[in-house]
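>>> this one's sequence-less:
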C-alpha cells in the first residue's frame, strides 16, 4: 500500500515539477510583450496558478490510470498529452514560433479530449479531472490562434 502514495508523489514531481521547470526556462520576454494580443488575453500572473492547479489534476489522473494499467492505451494517451503540453512553451516562447505552437496546442486539445472520451467508462474520475484542463487548453488554443492572426 505504501507504493501507491509514492507513485502519486512521483507523478506530482514529474508533472508539477516538469511544468515548473519548463515554465521557468521559457518565460514570456520582450518578444511576447511586443506581440499584439486579443482583448481577452489574461494577465500574465494568472498563468502560473492556473497551470499549477491543472498540473495537479493531470498528475492525479495519470496516477489513477497508471494504477489500473501502466502500459495500456489510456496511459499512452496520457503520456502523449504530457509531451505536447511540455512542448508548447519551448516552441512558443523559446523558439518564438506562433504557427507551429498553434499546431502543438491544437494537437494537445485533441489528445486531451481523446483521453476524456477513452477514460470515461473505465475511470470516470480521471476523465472528469481532465475537463478543466480541456477547457483551459481550448482557451489557450483560441488565444494562440488569435495571437497568430494579429501578428
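All right, it came through fine. Just so it is clear, the structure is predicted and the values come from calculations on it, not from any experiment. Numbering: from 1, shown residues only.
>>> mind checking how far residue 45 is from residue 76?
Noted for residue 45: a distance of 35 Å to residue 76, by Cβ to Cβ, to the nearest Å. For every residue, glycine as well, the C-beta is placed using N, CA and C.
>>> of those two, who's got more company?
The neighbour comparison of residue 45 against residue 76 (other Cβ atoms under 10 Å) goes to residue 76, with 13 against 8.
>>> what about that one, which helix or strand?
Secondary structure from DSSP states H and E places residue 76 in helix 73-89.
>>> which neighbouring elements make contact with that helix?
In terms of contacts (3 or more Cβ pairs under 8 Å, 6 or more residues apart in numbering; DSSP states H and E), helix 73-89 is packed against helix 18-25, helix 47-68, helix 98-119.
>>> list the contacts of the residue sitting nearest the centre point of the chain.
Ranked by distance to the mean C-alpha position of the chain (Cα atoms, centre = their mean), the top residue is residue 85 at 4.1 Å. By Cβ atoms under 8 Å, 6 or more residues apart in numbering, the residues touching residue 85 are 19, 58, 108.
>>> and for residue 105?
84, 88, 137, 140, 141, 144.
>>> go again with 10 Å.
84-85, 87-88, 91-92, 137-138, 140-145 (Cβ atoms under 10 Å, 6 or more residues apart in numbering).
>>> make JSON lines out of the contacts of residue 85 and add pLDDT.
Putting the contacts of residue 85 into JSON lines (pLDDT from 0 to 100) gives the following:
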{"residue": "19", "pLDDT": "97"}
{"residue": "58", "pLDDT": "98"}
{"residue": "108", "pLDDT": "98"}
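>>> need those residues in TSV (columns: distance to residue 121 and neighbour count).
Putting the contacts of residue 85 into TSV (distance: Cβ to Cβ, whole Å; neighbours: other Cβ atoms under 10 Å) gives the following:
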residue	distance to residue 121	neighbour count
19	28	22
58	20	27
108	23	24
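>>> what is the neighbour count of the closest residue to residue 113 other than its chain neighbours?
Nearest residue to residue 113 in three dimensions, chain neighbours excluded: residue 134, at 5.9 Å (Cβ to Cβ, 6 or more residues apart in numbering). Residues lying near residue 134 (other Cβ under 10 Å) number 17.
>>> list the contacts for residue 134?
108, 109, 111, 112, 113, 115, 116, 127.
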